[in-house]
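A.B. asks: Sequence plus predicted model, see below.
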Amino acid sequence: MRKSMLILVGLLCLKFVDVSGQSVDSIRQVAWSGNYAEARNLCFEHEDYPENTDLLFLVGQTYYWEENLRRSKEVMNDVLDKNPSHIEAYVVLSSILISEKEMSQAIKIADEGLERADNNEELLYNRALANANLGYLKEAREELDVLLSNNPEHKEAEELRESLRGFKIPGSLGVYQSLQTYNKPYDRFYWVTTVEAPVGDKGLKIIPRFSYGNLQVEDDSFNGSQVGVDVYPLTGLYSYMYLHYAYSGAEIFPEHRAALEWFQTIARGWEFSAGGRYMYRQKNHLFYTASVSKYAGKWMPGIRFFYAPESGNNLTAIASVRKYFNSDNTFLHSFITYGSNPDRMDQQADIAADGEASRIAAGAYAVLKMRGAFYARVLAEYTMEEYIPEKWRNVFLGQIGIEIKF
């Protein structure tokens, strides 16, 4: 629907432009038929290219239709440099920025376009959508009211307004079961059942959590529980924090577990973070972490490092790639790890030995939409672990879970 509307807007704006050589209207027909590369070549060969910004815009549109967002963004910026009044270029560029999750930049571009065309429906919608994604719901509702007062038939705007009108405090309830196991130098099974109940929006999200674990080592069994909370406050248009604390009186969990990390988004979808983790189980465990990732449409590659200054194996590196599906709530996240990785919630029973263990791991987890408001989570991971010098074992980890959003 969005793509069709953008195609229509882009092509109508070119309909009556006639220049020497191949007419823009005939090139438009080539693009409309789906021959994007051929349409671009006709634009490139035109004697008025690239000075004619309608031809330049059509080139950028074909890249957008092919989902080549990087090239399309470059061309749209070139269009606006040459012709700051090209409204359709503002529409496409703000749509690209929303796809890349650069919501603040999308609002900025939409504002610049609305200064020149204050009732443009697509720019009003894009600004409202970006504000809604940032958690600025009052601003989003006001912009949708303006749009729908001008065009009550704008289906997407009405759907977005209805979703915001019914907004209370979004929340969900999830139940997850994980198992980590190995058989050297003894048979060992570590079961953890976790219940989470996230509440809040993009301005402030709170996740209370309760976990119950069972550790089986040969004929011995240890049980216990842990309570904790994650807090994600938005600290600005481009930044947020991650705060965490958990407590347990059981042997199989750290007595105290805390985290503090700051995330900053900059231009072109790059996100950086820096912070630290603390655990106490018989002794203090302090380590630092930093990460960098890139939002690239439906992909998000990234790398994270942990540094534990008092550990014999003090550096961990994790490379990951996330592929989003139909929304931010559904994705496949793949990763490889080298080092001790002492931050893992599902390995808390091993924290006393984590500082000396070497690990090479690979795995993936997926969040998939089921029927209605139900989502499934599945995780699988394989690890080669040097538990004593020159002695390696295979460690398997799996998790299944279900979440309902309301």
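C.D. replies: Here it is on my side, so go on.
A.B. asks: residue ranges with poor pLDDT in the stretch 101-250 of the chain?
C.D. replies: The model of the stretch 101-250 of the chain has pLDDT under 70 over residues 166-170, 202, 237.
A.B. asks: pretty sure G363 is in contact with V395, am I right?
C.D. replies: No - the pair G363 / V395 is not scored as a contact, 10.8 Å apart, by Cβ atoms under 8 Å. Just so you know, the C-beta spots here come from the backbone N, C-alpha and C atoms, and that holds for glycine as well.
A.B. asks: Neighbour count for the two, which is higher?
C.D. replies: Using other Cβ atoms under 10 Å as the criterion, G363 and V395 rank with V395 on top: 22 against 19.
A.B. asks: re earlier: joint contacts of G363 and V395?
C.D. replies: Listed as contacting both G363 and V395 by Cβ atoms under 8 Å, 6 or more residues apart in numbering are Y382.
A.B. asks: in the sheet, who's paired with W262?
C.D. replies: In this structure, W262 bridges to M241, A274 when assessed by DSSP bridges.
A.B. asks: before we move on, what about F331?
C.D. replies: Y324, V367.
A.B. asks: Using the three-state scheme, assign Q105.
C.D. replies: Per DSSP: H, G, I helix; E, B strand; the rest coil, the secondary structure class of Q105 is helix.
A.B. asks: Please apply the same query to L147.
C.D. replies: Here L147 is helix, with the state taken from three-state DSSP.
A.B. asks: Surely it is in contact with K155?
C.D. replies: No - using Cβ under 8 Å as the test, L147 is too far from K155 to be in contact (11.5 Å).
A.B. asks: all helices for the protein, in order.
C.D. replies: According to DSSP state H, the chain carries its helices in the segments 2-12, 24-32, 36-45, 53-65, 69-82, 87-99, 103-114, 121-134, 137-150, 155-165, 351-354.
A.B. asks: In contact with W270, which residues?
C.D. replies: Counting by Cβ under 8 Å, 6+ apart, W270 makes contact with 292-295.
A.B. asks: er, D145 actually
C.D. replies: R161.
A.B. asks: Kindly report the same for the one 3 residues further on.
C.D. replies: The contact partners of L148, taken as Cβ under 8 Å, 6+ apart, are 154, 157-158, 161.
A.B. asks: count of neighbours near the nearest residue to E255 once chain neighbours are set aside?
C.D. replies: Nearest residue to E255 in three dimensions, chain neighbours excluded: Y280, at 5.1 Å (Cβ to Cβ, 6 or more residues apart in numbering). The tally of other residues near Y280 (other Cβ under 10 Å) stands at 15.
A.B. asks: List the buried residues for the longest strand seen in the chain?
C.D. replies: Ranked by residue count under DSSP state E, the longest strand found in the chain is strand 220-236. By neighbour count with 16 or more other Cβ atoms under 10 Å, strand 220-236 contains the buried residues 224, 226, 228, 230, 232, 234.
A.B. asks: Kindly report the same for stretch 279-298.
C.D. replies: 279, 281, 285, 287, 289, 291, 293, 295-298.
A.B. asks: what do you get for stretch 294-314?
C.D. replies: Per 16+ other Cβ under 10 Å, stretch 294-314 contains these buried residues: 295-298, 300, 302, 304, 306, 308, 311, 313.
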